[in-house]
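Student: fold the following, please.
(one chain, ligands or ions: 2)
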Amino acid sequence: MDNDHRPDDTGPGTHTANSGLPLIQANGISKTYNHSGACITVIDNLSFRLDCKETIGIVGASGIGKSTLLHILGTLDRPDAGQLVYSGKDVLLLDDTQLARFRNRAIGFVFQFHHLLPEFSALENTMMPALINGTEKKTARAEAEAILVRVGLKERLGHRAAELSGGEQQRVALARALVQQPDILLADEPTGNLDRGNSDRIHRLLMELNEEMGMALVVVTHNPELAALVSRRVTILNGRLHELNNGLPVASSFKG
Ligand SMILES: Nc1ncnc2c1ncn2[C@@H]1O[C@H](COP(=O)(O)OP(=O)(O)OP(=O)(O)O)[C@@H](O)[C@H]1O
Ligand SMILES: [Mg+2]
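Tutor: Numbering: from 1, shown residues only. Ligands and ions are numbered 1, 2, ... in the order given. Coordinates of the predicted model:
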């Protein structure tokens with residue numbers, strides 16, 4: 001467990017949002033997968049800028065590289081080439097331990113498939129990032145309970161993840177990503193399994209957290225309501241990002 005709170009040992013840390021620099025500046029990112037001897041270039045010399053507090057939606061067909069890009073932006077996957085600069089610091093220069101510490105403090109990540117620990121309760125799953133960061137158990141518990149209430153799971157705190165429905169698991173995964181009040185939430189289809197009422201609740205919550213604490217948001221979504229709420233919409237064409245205007249790619253290249 002990491003009890004070390006020195007602010008500068010991992011480059012950018014939590015709540016770096018006031019530096020005046022872009023929150024994320026990705027330069028010339030590329031990612032190629034090798035499969036059965038064939039190379040598939042999914043991300044190809046892609047550049048991307050996200051300002052502090054900005055909200056952006058990544059939309060588009062299955063297989064175009066949305067999750068791949070999100071994993072790279074979330075530092076869960078390293079690109080083959082390129083720079084990933086958070087608030088002025090190239091996080092790809094950090095070693096794996098430093099990178100994990102940075103990620104845990106600054107980034108909330110919601111996976112397309114939730115990756116909860118099935119034998120642990122909703123509350124325990126949600127407390128986990130705070131405990132890993134050295135937060136006292138009582139505080140971690142209070143923070144986890146508060147965010148679980150906000151995603152509508154007040155009545156499910158003690159249920160093991162394996163005993164929750166798909167949509168409930170999705171909301172626990174979201175609570176776990178939000179409990180540390182990250183600078184940025186990267187979310188892969190966060191309302192993909194939810195009914196209209198719960199989707200609306202989560203959309204409202206994301207926009208409130210953006211307003212209240214300036215949390216930036218990059219969300220992969222097929223949900224038109226959520227796509228309409230974010231400030232910019234983009235898609236991936238031939239491995240690069242293209243800004244969308246009324247659902248269509250605009251002619252000029254994406255701002256980098
Ligand atoms: N580990 C891997 N090895 C080989 N190919 C991969 C790997 N991960 C992804 N790919 C390929 O990269 C492409 C992009 O995958 P990705 O998961 O990023 O798509 P996506 O846009 O998120 O799709 P979806 O909307 O279905 O979730 C796909 O063609 C996929 O087969
Ligand atoms: Mg995907």
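Student: okay, and the residue in the stretch 51-200 of the chain that ligand 2 sits nearest to sits in which element?
Tutor: For the stretch 51-200 of the chain and ligand 2, the shortest gap (C-beta to the ion) falls at residue 67, measuring 3.1 Å. C-betas here are computed from N, CA, C, even on glycine. Assigned by DSSP states H and E, residue 67 falls within helix 66-73.
Student: do stretch 190-198 and ligand 2 come into contact?
Tutor: No. Against ligand 2, stretch 190-198 shows no contacts by C-beta under 5 Å from the ion, the least distance being 9.7 Å.
Student: tell me the average confidence for that stretch?
Tutor: Average pLDDT, stretch 190-198: 88.
Student: and the end-to-end length of it?
Tutor: Terminal residues of stretch 190-198 are spaced 11 Å apart (C-alpha to C-alpha, to the nearest Å).
Student: swap in stretch 180-195?
Tutor: Distance between the two ends of stretch 180-195: 26 Å, counting by C-alpha to C-alpha.
Student: and that stretch, is it in reach of ligand 1?
Tutor: No. Shown here: stretch 180-195 not in contact with ligand 1 (C-beta under 6 Å from any ligand atom), separated by at least 7.2 Å.
Student: before we move on, the earlier item: other SSEs contacting the helix holding residue 67?
Tutor: strand 24-35, strand 38-50, strand 55-58, strand 184-188, strand 216-220 (3 or more C-beta pairs under 8 Å, 6 or more residues apart in numbering; DSSP states H and E).
Student: centre of the chain to the longest one, how far?
Tutor: The one in question is strand 38-50. Centroid separation between strand 38-50 and its chain, computed with C-alpha atoms, centre = their mean, to the nearest Å, is 18 Å.
Student: what helices and strands are in contact with it?
Tutor: Short answer (3+ C-beta pairs under 8 Å, 6+ apart): strand 38-50 packs on strand 24-35, helix 66-73, strand 81-86, strand 240-245.
Student: how far off strand 24-35 does it point, in degrees?
Tutor: 170 degrees (axes from the mean of the first three to the mean of the last three C-alpha atoms, to 10 degrees).
Student: before we move on, the earlier item: of all the helices and strands packed on strand 38-50, which lies closest to residue 116?
Tutor: helix 66-73 (17.7 Å; C-beta to C-beta).
Student: who's in contact with the helix holding residue 67?
Tutor: Outside helix 66-73, the residues that touch it by C-beta atoms under 8 Å, 6 or more residues apart in numbering are 24, 26, 29, 31, 42-43, 46, 48, 58-60, 77-79, 84, 112, 186, 188, 218, 220, 236, 241.
Student: so which of those reach ligand 2?
Tutor: Counting by C-beta under 5 Å from the ion, residue 112 from these sit close to ligand 2.
Student: any of the contacts of helix 66-73 buried? List them.
Tutor: By neighbour count, with 16 or more other C-beta atoms under 10 Å, the contacts of helix 66-73 hold 24, 26, 29, 31, 42-43, 46, 48, 58-60, 79, 84, 186, 188, 218, 220, 236, 241 as buried.
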